[in-house]
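Sequence and predicted structure below; questions after.
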Amino acid sequence: MPDDHHAGADQGATTNEGQDTSGQISGHSGELAVAAARAHGVETMFTLSGAHVFPMYDGAVKADPPMRLLDVRHEQTAAFAAEATGKLTRIPGLAVLTAGPGVTNGVSAIAQAQFAGSPMVVVGGRAPQNRWGSGSLQEIDQPPILASVTKLATTLPTAGDVLDGIDNAFAVAGSSHRGPVFVDVPMDEFFNASSGPAPTGARPSGAAPDTDAIDRVAGLLAAATRPVLILGTDVWADGGEVAALRLVESLGLPTLTNGMGRGVIPGGHALLMTKARGVALNQADLVIVVGTPLDFRLGYGIFGGKEEGSSPAQVVHIADSPGQLSGHATLAESVSGDLTQVFDALLAAMERGTKPSWGPWTELLQDTVKTAAARDAELLSAEADPVHPARIYGELVPRLADDAVVIGDGGDFVSFAGKYVEPQRPGCWLDPGPYGCLGAGLGAAIAARLARPSSQVVLLLGDGAAGFSLMDVDTLVRHNLPVVMVMGNNSAWGLEKGPMQMLYGYDVVADLADRTAYHEVVKALGGAGEMVTDPRQIGPALDRAFAANVPYLVNVITDVNAAYPRSTFGI
């Protein structure tokens, strides 16, 4: 068992991280894993201390320069932080989880990454190979547990497999279609040494789209009278945001956004039709969906045809890789490939023909947006007692800088955020995505504060969601990571209470304790906060939170009966 990073130095003169002049690196498995991660741009290891992964910590400490170790209070937070890092930076995040319960505590976050296409690598500890089968501590075969929610889940059985195995894990996680990769290393092999060529951090580039399919999409778009473009998370993840905005503005194409597609078209843009979503999707004759699945959030890919005598819209699905194209929806056309190339090729194809004009359609949607904005203004300034959740956003939105990172962790309260918060820049909105997992917020806030040190970081918390991870305010405090947390506290599981009443006429297991002082929990952990019951005091409380430079919770007591209006239960 080597005791420093010079093990294997007899292979030649060494440089940083055990690399010798021939381009080989050597060291124990933890050092090699850290070197491979760093080659892919990783700056932070998210973890909770566990003996099975001690070599990873030693590798981080002895790296030159050292890799940041960010330790949390629950493994789910480490995994959610790595997932959010992948989303925000477009470089796979790294979570290191000890064996057994350390790994299984991270499964929900890994599943969220799989559903959202978030690049991340999880390195798990594993019971020692030389004791396998004899019942050592936390001995469990982990890759089969992770196989269904990862792009790849495997064991690296020997120290000699670690360097290439970790390098490959990051390459797979960061390539289209992006997602999580899980590897574990037996404890005894983690301490053993090996060597190999220094990793380059290379990843395959995106594929070029089929030009004939692009031309067919251009033909459909040219013939449409009521087209709508929908931009999803993968537009950001694939680096296609500049080309997407260029296409929209060059063609004058009415657009909706979801997930991390939010902000690709800046809030308030004349072609962003978020507030006219219902009219747009119900009356469209062509819907082009890019970088997001045709799931429950998009009516499973069925648009239009809602008015008597009208036909359903034609649907085009565009994805970063063939496996992401819908297999259940009826498609007029589909295209896969690097999304920047797709957008630019489609724009070029449209410019070769007669540029269509969708003036009446665009004007209808813009008028709908104006009407909705006027209607929203009433709720955003509501003086209701208890507070209407919308009033919180009426106070928050004017205080957000253009580069603010806004994180949603909740059900009903965060649904209001989706309606009223329109990011000004791409890469500034985080939500759980289609997996709908609560408890992601504190991990995402940790990741956002590290990734965007000069930006506002605002975590929107439902009081239910807060119960999953509020203890990790301790992590924010210990690592000096100021975050503004805004809670809509309606003392209920609001996303379930209303629907259950609708279905049965009553509800059970949907209530929480009345007016719980969650801000006092934050204060006890070293942060700050306050409770707000008067809508006129929300703005001043937010100002104090932004000025505090510590983790700060504004705990707003809201009206449980002011539920977000919805027409589906997500099934």
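Thanks, I have it. Numbers count the residues shown, from 1 in each chain.

what about the protein, any weak spots by pLDDT?
1-22, 308-309, 566-571 (pLDDT under 70).

One more pass at 50, please.
1-16 (pLDDT under 50).

list the contacts for Ala548?
Pro482, Ala528 (Cβ atoms under 8 Å, 6 or more residues apart in numbering). (C-beta placed from N, C-alpha, C; glycine too.)

next one: Ala95
Contacts of Ala95 by Cβ under 8 Å, 6+ apart are 45-47, 75, 78-79, 81-82, 106, 109, 120-123.

So which of these sit within helices?
When DSSP state H defines the helices, the subset of the contacts of Ala95 inside them is Glu75, Ala78, Ala79, Ala81, Ala82, Ala109.

any chance of those residues in JSON lines, plus neighbour count?
Output for these, formatted as JSON lines (neighbours: other Cβ atoms under 10 Å):
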{"residue": "Glu75", "neighbour count": "26"}
{"residue": "Ala78", "neighbour count": "31"}
{"residue": "Ala79", "neighbour count": "34"}
{"residue": "Ala81", "neighbour count": "33"}
{"residue": "Ala82", "neighbour count": "35"}
{"residue": "Ala109", "neighbour count": "33"}
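
Nearest to Ala345 among those?
Ala82 (33.7 Å; Cβ to Cβ).

separation between the closest one and Gln114?
The gap separating Ala82 from Gln114 is 13 Å, by Cβ to Cβ, to the nearest Å.

buried residues in stretch 130-143?
Using 16 or more other Cβ atoms under 10 Å as the test for burial, stretch 130-143 gives Gln138, Gln142, Pro143.

Apart from its chain neighbours, what residue comes closest to the first one?
With Cβ to Cβ, 6 or more residues apart in numbering as the criterion, Gln138 has its nearest non-adjacent residue at 2.9 Å, and that residue is Gly100.

so Gly299 touches Ala284, yeah?
No. Gly299 lies out of contact with Ala284 (Cβ atoms under 8 Å); the separation is 11.5 Å.

Give me the more crowded residue out of the two.
Remark: of Gly299 and Ala284, Ala284 carries more neighbours, 27 against 14, as counted by other Cβ atoms under 10 Å.

and the more buried one, what does it touch?
Counted by Cβ under 8 Å, 6+ apart, Ala284 has contacts Arg226, Pro227, Val228, Phe303, Gly304, Ala313.

any idea how far Thr292 is from the fourth one?
It refers to Phe303. Here Phe303 is placed at a distance of 14 Å from Thr292 (Cβ to Cβ).

again, but for the first one
Computed as Cβ to Cβ, the Arg226 to Thr292 distance reads 20 Å.

out of those two, which sits in the busier spot?
Legend: neighbour count by other Cβ under 10 Å for Arg226 and Thr292, higher for Thr292 (27 against 21).

How about the backbone phi and psi for that one?
Dihedral angles of Thr292 (phi, psi; degrees, to the nearest 10) stand at phi -160, psi 150.

Assess the claim that it and Ala237 are in contact.
No. Here Thr292 lies out of contact with Ala237, judged by Cβ under 8 Å, at a distance of 10.5 Å.

I figured the residue nearest to Gln138 was touching Asp141, is that so?
No. Applying Cβ under 8 Å as the test, Gly100 and Asp141 come out as separate, 10.8 Å apart.

CA-only coordinates of stretch 484-494 in PDB, if you can.
The C-alpha coordinates for stretch 484-494 follow below in PDB (Å, rounded to 0.1, in the frame of the first residue of the first chain):
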ATOM      1  CA  VAL A 484     -31.000  33.000  -0.400                       C
ATOM      2  CA  MET A 485     -33.700  30.500   0.400                       C
ATOM      3  CA  VAL A 486     -37.400  31.500  -0.100                       C
ATOM      4  CA  MET A 487     -40.000  29.200   1.300                       C
ATOM      5  CA  GLY A 488     -43.700  29.000   0.400                       C
ATOM      6  CA  ASN A 489     -45.000  27.500   3.700                       C
ATOM      7  CA  ASN A 490     -48.600  26.400   3.400                       C
ATOM      8  CA  SER A 491     -48.300  23.700   6.000                       C
ATOM      9  CA  ALA A 492     -49.300  21.000   3.500                       C
ATOM     10  CA  TRP A 493     -48.300  18.800   0.700                       C
ATOM     11  CA  GLY A 494     -50.100  21.100  -1.700                       C
END
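
Could you check how far that stretch is from the centre of its chain?
21 Å (Cα atoms, centre = their mean, to the nearest Å).

Repeat that for stretch 171-182.
With Cα atoms, centre = their mean as the basis, stretch 171-182 stands 14 Å off its chain's centre.

ok, His177 - how many residues close by?
Neighbourhood size, His177 [other Cβ under 10 Å]: 18.

so what's the backbone phi/psi at the closest residue to Gly165 other than its chain neighbours?
Counting by Cβ to Cβ, 6+ apart, Gly165 lies nearest to Leu156, which is 4.0 Å off, once chain neighbours are set aside. Main-chain dihedrals, Leu156, degrees, to the nearest 10: phi -100, psi 100.

contacting residues around whichever helix or strand Leu256 is part of?
In the assignment (DSSP states H and E), Leu256 maps to strand 255-257. Under the criterion Cβ under 8 Å, 6+ apart, residues 228-232, 248, 263-265, 271-274, 277, 280-281 lie in contact with strand 255-257.
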